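Enquirer: 3D model of this:
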Amino acid sequence: MQDFASAAMVRLLVRAMAAHGLVPPPPPPGADGLAASHVPLAYKRSVVEAVLHQGGLGTLLQLAQRVDLLAGDPVHRALLGANDVPELMARWQRLERYVHSRHQVSITASIPGELALRHHARPGVPEEPHPTESLAVLGVLMGASRALGVRGLRVEIGAPEAAGHRVNLRMEAPATTPAELHAQLAPLAAQKLLGHWTLHWEHHESNAPTTPTQQPQPATHLCDALPWPPLAHQLARHVLQDPAAQHTADALAQHTGLARRSLQRALTERGLSCRQIVTEARARVAAQWLLESPHGLAEIGFACGFADQPHFTREFARHVGLTPARYRQAFAVGGMQGSDLLSI
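Expert: Numbers count the residues shown, from 1 in each chain. Got it, this is the predicted structure:
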């Protein structure tokens, strides 16, 4: 992975190393250091090498599960807005598309309570992901699943056809030591099988949406000042609860209890549309991130549900009047205040 997603992974590993008594490499030079959206490739490699030297593959997998250490990052909020494992995977895949990752996680089989996954190169990319990268991605997905409150999570690592060469991990079982885990994972790494996973969990049809306890409260009031009818405000508050979700017209209609055509007709009568409400809400929460956090523009755009950075820039400028970069710059240099900019 590249850019802010890769930088977030590095931040997670460095923080987890410190939390577990390991010694991370010194941060890269520059004022931003690990807070930057781009981390040098050499530093990324040095972090992984330090983890492997001090603990091995088992330690790498365990550290990557510490997604709680990313609390406050836009990526953390976007991923943990999911309600279950399939939705978590959909958000992860959107992240891969957003950053134009050279590698991707594909679902090769799916039944209720089980997903077969493969981490591999995108079509046209010659290099397959390094085994340590696959292991780190798996660790994040395991940690995020646990943070979502998924029960009975079990992970099989290794190709399905290699039944005798698979590692079976139970999240609720007594912890395997990093050394024992390394001994199980090392043969799979040598055979380049660490990118094949099967996730199992307890499936319940009536699962209620899960809100991770470490999530900050969403700013659902950001559209309250707009002269919209109650129905539009209801939709805006729903979008602001989780701007990274896929807020389609069908999903919004289901939320209101109306038929899709009835919802669209009611909004059209007031000169509004589902798309306009969703984009306005996303632009306003993005404006809040831009003013109140140091995170990069691309990272904020992803967390707010935009398809990619050009889409974020275009829609934000259309609704706010300035590009995200100019909006942040105007505030940073003591120019126009945030409330003034939002009204442009």
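
Enquirer: Let me know the pLDDT of the residue nearest to the spatial centre of the chain.
Expert: Central residue of the chain (Cα atoms, centre = their mean): residue 79, 3.4 Å from the mean position. Residue 79 carries a pLDDT value of 91.

Enquirer: Check residue 196 too.
Expert: 94.

Enquirer: and it, what are its bridge partners?
Expert: residue 118 (DSSP bridges).

Enquirer: if I pick it, what's in contact with it?
Expert: By Cβ atoms under 8 Å, 6 or more residues apart in numbering, the residues touching residue 196 are 117, 118, 119, 157, 158, 159, 160. Yep, even glycine has a C-beta here, placed from its N, CA and C like the rest.

Enquirer: run the last query once more with 7 Å
Expert: Residues in contact with residue 196 (Cβ atoms under 7 Å, 6 or more residues apart in numbering) are 118, 157, 158, 159.

Enquirer: The third one touches residue 167, doesn't it?
Expert: Yes. Here residue 158 lies in contact with residue 167, judged by Cβ atoms under 7 Å, at a distance of 6.3 Å.

Enquirer: Now for those two: what residues contact both?
Expert: residue 188.

Enquirer: Please report how far the residue nearest to the centre of the chain lies from residue 159.
Expert: Applying Cβ to Cβ, to the nearest Å, the value for residue 79 to residue 159 is 26 Å.

Enquirer: ok, now residue 72?
Expert: Residue 72 sits 37 Å away from residue 159, taking Cβ to Cβ as the criterion.

Enquirer: Between these two, which has more neighbouring residues?
Expert: residue 159 (18 against 12; other Cβ atoms under 10 Å).

Enquirer: got any ranges where this structure has weak pLDDT?
Expert: 1-2, 30-37, 161-165, 171-175, 205-218, 332-344 (pLDDT under 70).

Enquirer: Now the host helix or strand of residue 53: buried residues?
Expert: Here residue 53, judged by DSSP states H and E, is contained in helix 41-54. Across helix 41-54, burial judged by 16 or more other Cβ atoms under 10 Å covers 43, 44, 46, 47, 48, 50, 51.

Enquirer: pretty sure the fourth one contacts residue 23?
Expert: No. Under the contact definition of Cβ under 7 Å, residue 47 does not touch residue 23, with a separation of 11.0 Å.

Enquirer: Helices of the stretch 51-200 of the chain, start to end?
Expert: 57-64, 74-79, 85-98, 131-147, 178-190 (DSSP state H, counting those that start in this stretch).

Enquirer: Of all the ones you listed, which one comes closest to residue 200?
Expert: The closest of the helices of the stretch 51-200 of the chain to residue 200 is helix 85-98. By Cβ to Cβ, the value is 9.6 Å.

Enquirer: hang on, the earlier thing: between residue 158 and residue 167, point out the one with more neighbours.
Expert: residue 158 (23 against 20).

Enquirer: Who are the contact partners of that one?
Expert: Here residue 158 is in contact with 165, 166, 167, 188, 193, 196 (criterion: Cβ under 7 Å, 6+ apart).

Enquirer: Between the contacts of residue 196, which sits nearest residue 226?
Expert: Among these, and counting by Cβ to Cβ, the member closest to residue 226 is residue 118, at 44.8 Å.
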